[in-house]
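Visitor: pasted the sequence and its predicted model underneath.
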Amino acid sequence: MLEYISGTPFLTWRSILDRVDPRSTISSRKASSSSDAFILDLYRNSLPLEFTRKDRCLTLERLERCIHSNYGASRFAISLFGSVVYGLDSDSSDSDISLFDAENPDGTRPIVTQGTPYDLRTFADHLRSSGFSIKAVITNANTPIISAKDPSTGIELDINVNHLNGSYNSLFFYHHGRLSPTLLLPLAFFIKTWAIQRGLSSSTLGSARNVTSYALLLLVLTYLVEIKAIENLFQQRSGSGWVDRDLVVQSKKGPPLTWKQRFSTGRGDGLPGEELVPISLLQAVEGFYQYVGRWEPMVSTEMVCLRVGGRTKRTRVTPQATMFVEDPFITSKNATGGVNASTSLLFFQEARRAKDILNRGGSVQGVLGR
């Protein structure tokens, strides 16, 4: 039975770590081709080991004890977000955490922060006293964080306080993954693997050269929505499960802004939905690189916009020839905003290379350089 943080649509961290991971139920035995079987096996084999799950539990139990002993047990709750929520994590993935504040459920920052985790430097001292090592305390960012590590397990944490946009987008991707467990996530993992191996995606590259996993997932999902291979939970009209909240997003450059978080959780009520196009994983991979190829000559004037279900005319000016993948949860934000023109060009060049390999009869393994 899944449990939720009281008053929120967010799963508790225990429910996330204890639930059945979608990768554990995937089988390639009935795959329609050897290429589909390879992609499914690639995704399934990324499932973190059981000892990683147990180590994450031990670390979060330690974090929870620290929070309860210093700030009480009722106000702040651990909300996991990122790849571990929707099933694209690995053994080496950090744990991204937002501390949900029950007194400010919309993400508002209180005026008085003394004696709360919002005072990050004091919070970091409490973490040290609880046995965590502190790598960094970053207070001058749009999302201030504590970067920490549990020496007893090796698990690394990035902790913010009540910046909930990551929790909302992770919930959205979680529900999308449940809609199509053998399409969206295996395809996204393949594209993520390709991007890493081609030097396009890694936090070590720096923001100007890193097409983030989040941006890639948005791009893959928008592509699948545009070709009608998967429903768009922003646009679903029928169904009984909905997330409908206001989210206040803090900014160091100006006043806080409020964004509407409204999407379906995919729990239908039996009404007919949009007819979807069946597609194999090989067809999806081929189609993705073709989709990127069609976007390339229009990249200066078009953006990828999941809310409208595909590519659309840019509404904001960015440097010419740089990618614009709109963040559907904070629509003023470009999910590829840090990527420079040369990295955008390299991304399109690598996509053309992959498309050419497949057009010449090459394999999906060849696309990954295997």
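Guide: It's in.
Visitor: drop to CA atoms for contacts and neighbour counts, all remaining ones
Guide: Fine.
Visitor: so which bits of the longest helix along the chain are buried?
Guide: The longest helix of the chain (DSSP state H) is helix 50-71. For helix 50-71, a neighbour-count test (16 or more other Cα atoms under 10 Å) marks 52, 55-60, 62-63, 66-67 as buried.
Visitor: Leu127 against His68, yeah?
Guide: No. The criterion here is Cα atoms under 8 Å, and Leu127 misses it with His68 at 11.8 Å.
Visitor: neighbours of Ser363, just the number please.
Guide: Neighbour count of Ser363, defined by other Cα atoms under 10 Å: 17.
Visitor: contacting residues around Pro9?
Guide: Pro9 is in contact with Val243, counting by Cα atoms under 8 Å, 6 or more residues apart in numbering.
Visitor: which parts of the stretch 201-350 of the chain are strands?
Guide: For the stretch 201-350 of the chain, applying DSSP state E, counting those that start in this stretch gives strands covering 242-249, 257-264, 302-305, 310-313.
Visitor: which residues are contacting the strand or helix carrying Asp41?
Guide: Element membership of Asp41, judged by DSSP states H and E, is helix 34-44. For helix 34-44, contacts defined as Cα under 8 Å, 6+ apart pick out 23-24, 26-29, 31, 182, 185-187, 189-190, 280-282, 363-365.
Visitor: quick one, which of those residues are buried?
Guide: 23, 28, 31, 182, 185-187, 189-190, 280-282, 363-364.
Visitor: what's the farthest-apart pair in those?
Guide: The two members of the buried ones among the contacts of helix 34-44 with the most space between them (Cα to Cα) are Arg23 and Ser363, at 22.9 Å.
Visitor: next, work out how far apart the residue nearest to Pro181 when sequence neighbours are not counted and Leu88 are.
Guide: Once flanking residues are discounted, Pro181 sits nearest to Pro22: 6.7 Å by Cα to Cα, 6 or more residues apart in numbering. Distance, Pro22 to Leu88, using Cα to Cα, to the nearest Å: 10 Å.
Visitor: neighbour count for those two, which is higher?
Guide: The neighbour comparison of Pro22 against Leu88 (other Cα under 10 Å) goes to Leu88, with 22 against 18.
Visitor: that one touches Leu187, doesn't it?
Guide: No. Between Leu88 and Leu187 there is no contact under Cα under 8 Å: 10.7 Å.
Visitor: helices of the stretch 201-350 of the chain, start to end?
Guide: Along the stretch 201-350 of the chain, counting by DSSP state H, counting those that start in this stretch, helices occupy 213-226, 281-295, 341-359.
Visitor: on contacts alone, who are the packing partners of the longest helix of the chain?
Guide: helix 13-18, strand 76-81, helix 120-129 (3 or more Cα pairs under 8 Å, 6 or more residues apart in numbering; DSSP states H and E).
Visitor: tell me which of the contacts of helix 34-44 fall in helices.
Guide: 185-187, 189-190, 281-282, 364-365.
Visitor: need those in JSON lines with pLDDT, can you?
Guide: As requested, the ones in helices among the contacts of helix 34-44 are exported to JSON lines (pLDDT from 0 to 100):
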{"residue": "Leu185", "pLDDT": "96"}
{"residue": "Pro186", "pLDDT": "97"}
{"residue": "Leu187", "pLDDT": "98"}
{"residue": "Phe189", "pLDDT": "97"}
{"residue": "Phe190", "pLDDT": "98"}
{"residue": "Leu281", "pLDDT": "97"}
{"residue": "Leu282", "pLDDT": "97"}
{"residue": "Val364", "pLDDT": "97"}
{"residue": "Gln365", "pLDDT": "96"}
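Visitor: and which of those residues is nearest to Ala136?
Guide: Nearest to Ala136 among those, with distances taken as Cα to Cα, is Phe189, at 29.4 Å.
Visitor: that closest one - nearest residue in space that isn't next to it in sequence?
Guide: Tyr43 (6.2 Å).
Visitor: and Tyr291, how far from Lys192?
Guide: In this view, Tyr291 and Lys192 are 16 Å apart by Cα to Cα.
Visitor: more neighbours: those two, which one.
Guide: Ranked by neighbour count (other Cα under 10 Å), Tyr291 and Lys192 place Lys192 first, with 24 against 19.
Visitor: residues near Arg262, how many?
Guide: Count around Arg262 with other Cα under 10 Å applied: 17.
Visitor: ok, Ile357 next?
Guide: Residues lying near Ile357 (other Cα under 10 Å) number 16.
Visitor: correct me if wrong: it contacts Val367.
Guide: Yes. Using Cα under 8 Å, Ile357 is in contact with Val367, at 6.6 Å.
Visitor: mind listing what the closest residue in space to Ser344 that isn't next to it in sequence touches?
Guide: Excluding the flanking residues, the one nearest Ser344 by Cα to Cα, 6+ apart is Thr322, at 5.6 Å. By Cα under 8 Å, 6+ apart, Thr322 lies in contact with 299-300, 339-341, 344-345.
Visitor: what is the nearest of the residues you listed to Thr108?
Guide: For the contacts of Thr322, the nearest to Thr108 is Val339 (29.5 Å; Cα to Cα).
Visitor: okay, now the closest one: neighbour count?
Guide: Neighbour tally, Val339, other Cα under 10 Å: 20.
Visitor: same question for the one 5 residues further on.
Guide: Using other Cα under 10 Å, Ser344 is surrounded by 22 other residues.
Visitor: I'd say it and Val325 touch.
Guide: No. With contact taken as Cα under 8 Å, Ser344 and Val325 are classed as non-touching, separated by 11.7 Å.
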